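A.B. asks: below are the sequence and a predicted model for it; my questions follow.
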Amino acid sequence: DKQFCVYILASKRNGTLYIGVTSQLATRVWQHKSKVVEGFSAKYGVARSAARYPQICRTPAARPSNREHCSTRNRHDRGSAMATFWVGTSGFSYKEWVGSFYPSDLPEPQMLRYYAQRFASVEINYTFYRLPTVRVLQGWAKETPEHFGFSLKAPRRITHDLRLRDAADVVSDFCDAAQALKQRLGALLFQLPPFLKKDTSRLEDFLHQLPPGFRAACEFRNASWFADDVFECLRRFGVALCISEAEDRHPPFEITANFGYFRLRKLDYSDEDLAGWARRLQDAAPQWTDAFVYFKHEAEGKGPRLAARLRSFLDGQGQLLEAKSG
């Protein structure tokens, strides 16, 4: 009963074939074999093997693209190299937005549907405080059009409590739940706390635990992380550096994945500020398939207004340049 076994496991998701290798004591693997095969679970090393050996464990189309289900409202056609811009806000269910964004007579349960008719994506902060259930995520999906994207903020249990250490089980549960969104799943954001300083080996160990097939972004709120070895680590795993701008935080514009992730957190943005961001995003667009951009929620309801304004700049660059030159 102590015989050592090796299993070759395959899983197909979003049209991409993932192949992984796991090895466990025969008795333990046999007991959970159906769960390993069906769930492609990180608990038994399958996802970890695929992350460590992508040239063996993945087909050439390693990271699925959401371009086929993007919203044309956020696209600015510039040829085949065009990235899709998913512009929205961090959160949507705010009573403070009633009157400035939501109609005064709109019932709260209809806020998401109303929001999704005007924006192509939203960043969910709810998942930072509690692990989402499949039922909740499926309910959100039913309220939105097919061409809508949810980006989920990873539970604080992973980033703040465990601080990326020994987080494989929680990561696996989080990713398993996120799959309930199917084609509406955008990216997964892992936001590290300000007190956690640069530790590249810790980061690399954590990224080995991420299951394949998900777009992940890391937000560092301690400036020590903005270093070349960290950027190189992110590139090796295809993880995006989240560029999160605030009054006291200006991270470098580093591209580390085939998609971009931006959180614009300043209290306000002028048209000149937004025009500048539109130009930077469009200049980088040939290196991405998608770019997610989210504005901070504000009591005055500025977030939706700023998101709509940036989107208009992205959709009309010629007019923007003409207005600026004049």
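C.D. replies: Done, it's in.
A.B. asks: run through the neighbouring helices and strands of the helix or strand harbouring Leu274.
C.D. replies: In the assignment (DSSP states H and E), Leu274 maps to helix 271-284. On a contact count with 3 or more C-beta pairs under 8 Å, 6 or more residues apart in numbering; DSSP states H and E, helix 271-284 meets strand 259-264, strand 290-295, helix 302-315, helix 317-325. Every C-beta, even on glycine, is put in place using the N, C-alpha and C of the backbone.
A.B. asks: over to the residue nearest to the spatial centre of the chain. Which of the three states is it?
C.D. replies: Centroid check for the chain by C-alpha atoms, centre = their mean gives Ala187 as the closest residue, at 1.9 Å. Under DSSP: H, G, I helix; E, B strand; the rest coil, the three-state class of Ala187 is strand.
A.B. asks: identify the residues contacting it.
C.D. replies: Listed by C-beta atoms under 8 Å, 6 or more residues apart in numbering, the contact partners of Ala187 are Ser151, Leu152, Phe214, Arg215, Ala216, Ala217, Ala240, Phe259, Tyr261, Phe292.
A.B. asks: what are the boundaries of the helices in this structure?
C.D. replies: Per DSSP state H, the chain has helices spanning 26-39, 46-52, 54-57, 111-116, 126-129, 134-142, 156, 168-178, 200-208, 228-237, 271-284, 302-315, 317-325. These are given in chain order.
A.B. asks: by mean pLDDT, show me the worst of these.
C.D. replies: Note on the helices of the chain: lowest mean pLDDT is at helix 54-57, with a mean of 30.
A.B. asks: list the contacts for Lys95?
C.D. replies: Lys95 neighbours (C-beta under 8 Å, 6+ apart): Glu108.
A.B. asks: at 10 Å what do you get?
C.D. replies: Contacts for Lys95 (C-beta atoms under 10 Å, 6 or more residues apart in numbering) come out as Tyr102, Glu108, Met111, Ala299.
A.B. asks: give me the distance between the second one and Lys198.
C.D. replies: What it means is Glu108. 42 Å (C-beta to C-beta, to the nearest Å).
A.B. asks: quick one: which of those two has more around it?
C.D. replies: A count of neighbours by other C-beta atoms under 10 Å puts Lys198 above the other of Glu108 and Lys198, at 16 against 11.
A.B. asks: and that one, what's its pLDDT?
C.D. replies: 98.
A.B. asks: got phi/psi on it?
C.D. replies: Lys198 adopts backbone torsions of phi -50, psi 130, taken as degrees, to the nearest 10.
A.B. asks: skipping its backbone neighbours, what lies nearest it in space?
C.D. replies: Ser224 (3.9 Å; C-beta to C-beta, 6 or more residues apart in numbering).
A.B. asks: what's the burial count for that neighbour?
C.D. replies: What Ser224 shows, counting by other C-beta under 10 Å, is a neighbour count of 11.
A.B. asks: so it makes contact with Pro251?
C.D. replies: No - between Ser224 and Pro251 there is no contact under C-beta atoms under 10 Å: 12.0 Å.
A.B. asks: Val230 against Asp199, yeah?
C.D. replies: Yes - contact criterion C-beta under 10 Å: Val230 and Asp199 qualify, at 9.4 Å.
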